[in-house]
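[1] What follows is a predicted protein model with its sequence.
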Amino acid sequence: MFNRVQLLEINADQAGQRIDNFLLTRLKGVPKSRVYRLLRKGEVRVNKGRIRPEYRLMQNDVVRVPPIRVSQQVTAVPGRSLRDVLSQSILLETEEFLVLNKPFGLAVHGGSGINLGVIESLRAMREPHAYLELAHRLDRDTSGCLLIAKSRRVLKHLQDQMRHRSMDKRYITLVSGRWAKERREVNAPLLKQTVASGERIVRVSNQGKASFTRFKLLQHYANASLLEVKLETGRTHQIRVHCQLVGHPLAGDPKYGNEGFNQTLREVGLKRLFLHAAQLAFISPASGEKVKVEAPLPDELAALLKKL
C-alpha cells in the first residue's frame with residue numbers, strides 16, 4: 001500500500017524515460033492496468049499538470065503520485081543460496097555497472113511463471129530503489145557475461161554501443177559435425193514467432209530482422225566442433241538458429257538441435273545447452289576507456305571437452 005501522496009523530483013539519471021515506465025518501476029506490486037488508469041484520469045501529475053503515458057521526464061520535473069491501495073501480495077525474495085551464488089558470480093563492479101557470470105538455468109528476469117530472475121534478485125539484495133537494469137539479455141539456458149547498468153544514463157550509453165555495434169560480445173559453443181574452417185559468417189534475417197502453445201520460435205525469413213553472426217573455429221572433435229562466436233546483431237536465439245541453418249546445431253539444444261547428437265553427448269555427461277557468453281568488451285561511459293571482461297568456461301562444459 002502506498003498510503004501517502006508522493007512528490008518525486010526527477011534527477012539526471014531518471015530524465016529521458018517515459019512516465020509510464022517510470023511509474024511501473026517505482027510502483028512495484030501495482031497492476032499495469034491500474035498505473036495506466038492513474039495516468040488516464042489525471043491522478044498522476046507532472047509539475048501539477050496532466051500528462052500522457054508517452055511523456056518523457058525531464059530533470060527537475062516533480063511527479064505527483066496519489067495514495068494507491070493494492071491487495072496484499074507476497075513478494076518473492078531470493079533465498080540465501082541464490083544470494084550467495086549471485087554474489088560470487090560478480091566478475092566486475094564499478095559505480096556505473098556490474099558484469100555478472102550468469103549461471104546456467106537462471107532467467108535474467110521474472111515472468112511466464114518465473115517469480116525471480118537475476119535482475120529482481122539483485123535489486124532485492126541492494127538498497128531500496130537502487131537503480132539496476134539489464135543492458136542486454138541472455139537466454140535462461142545460456143551462461144556467462146551479463147551486463148547490468150546502475151543508472152539510466154549508463155544504460156542509454158551502453159545500449160547506444162550495442163545499437164551501433166561497437167560492443168563486442170563473444171560466445172563459446174559446441175556444435176555437431178565438422179565445421180569448415182573457411183566458414184566465418186552467417187548473414188540471414190530472423191523472424192520471431194509465437195506458436196499456438198505459446199512457445200517462442202525463431203525462423204530464417206525474408207520478413208525478419210537483419211541478423212549477422214561471425215564464427216571462428218577453435219577445435220575439431222570426432223563428431224563436433226568448438227567455436228568462438230561474435231554477435232554483430234543481438235536477435236533472439238540468433239546463434240542457435242544460424243548454426244542450425246548451416247547444418248551444425250548446438251550441443252544440448254532441445255529446440256533447434258539434433259536429438260541423436262544430443263543423446264550421444266548426454267551419455268558422456270552433457271546436461272545443458274553448450275552456449276556460454278565468454279567475453280564482453282565495451283567503452284566505459286565515465287572514463288571512455290575500453291573495458292574487457294571474461295567469464296571462464298563452466299566446469300561442466302570444460303569437463304565435457306576433456307571427455308571428447
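    Arrived safely, thanks for sending. In this text, all values refer to a predicted model and were calculated from it rather than measured experimentally.
[2] Off-centre distance for stretch 116-127?
    Centre-to-centre, stretch 116-127 and its host chain are 14 Å apart (Cα atoms, centre = their mean, to the nearest Å).
[3] make that stretch 168-182, sorry
    The answer for stretch 168-182 is 22 Å, by Cα atoms, centre = their mean.
[4] I'd like the mean pLDDT over it, please.
    With pLDDT averaged residue by residue, stretch 168-182 scores 96.
[5] Check stretch 95-106 too.
    Taken as a whole, stretch 95-106 has an average pLDDT of 95.
[6] That stretch: which residues count as buried?
    Within stretch 95-106, the residues scored as buried using 16 or more other Cβ atoms under 10 Å are 96, 97, 98, 99, 100, 101, 102, 104, 106. No exception for glycine: its C-beta is placed from N, CA and C like everyone else's.
[7] What is the nearest of the residues you listed to residue 279?
    Nearest to residue 279 out of these is residue 99 (Cβ to Cβ; 10.5 Å).
[8] Please, which helix or strand holds the closest one?
    strand 97-102 (DSSP states H and E).
[9] mind saving the C-alpha coords of that strand as PDB?
    The C-alpha coordinates for strand 97-102 follow below in PDB (Å, rounded to 0.1, in the frame of the first residue of the first chain):
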ATOM      1  CA  PHE A  97      27.800  -1.100 -13.900                       C
ATOM      2  CA  LEU A  98      28.300  -4.600 -12.900                       C
ATOM      3  CA  VAL A  99      29.100  -7.700 -15.000                       C
ATOM      4  CA  LEU A 100      27.700 -11.000 -13.800                       C
ATOM      5  CA  ASN A 101      28.800 -14.500 -14.800                       C
ATOM      6  CA  LYS A 102      25.200 -15.700 -15.100                       C
END
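[10] just checking, next helix/strand downstream of it?
    Taking DSSP H and E as the definition, the helix or strand that follows strand 97-102 towards the C-terminus is helix 118-125.
[11] Packing partners of the helix or strand in which residue 146 is found?
    Of the helices and strands defined by DSSP H and E, residue 146 is found in strand 143-149. In this structure, strand 143-149 packs against strand 97-102, helix 118-125, strand 133-134, helix 152-163, strand 275-283, with contacts taken as 3 or more Cβ pairs under 8 Å, 6 or more residues apart in numbering; DSSP states H and E.
[12] Mean neighbour count, these: which tops it?
    Here the criterion is mean neighbour count by mean count of other Cβ atoms under 10 Å, and of those the winner is strand 97-102, at a mean of 23.
[13] which other residues reach that strand?
    86, 89-93, 108, 118, 122, 135, 138, 142-150, 154, 158, 277, 280, 293, 295-296 (Cβ atoms under 8 Å, 6 or more residues apart in numbering).
[14] Just checking: what are the partner strands of it?
    Sheet pairing here is set by DSSP bridges, and for strand 97-102 it gives strand 90-93 (antiparallel), strand 143-149 (antiparallel).
[15] pretty sure residue 24 contacts residue 35?
    Yes - the pair formed by residue 24 and residue 35 meets the contact definition of Cβ atoms under 8 Å, at 5.8 Å.
[16] Looking at those two, which has the bigger crowd around it?
    More neighbours surround residue 35 than the other of residue 24 and residue 35, with 22 against 15 (other Cβ atoms under 10 Å).
[17] Sweet, I'm off.
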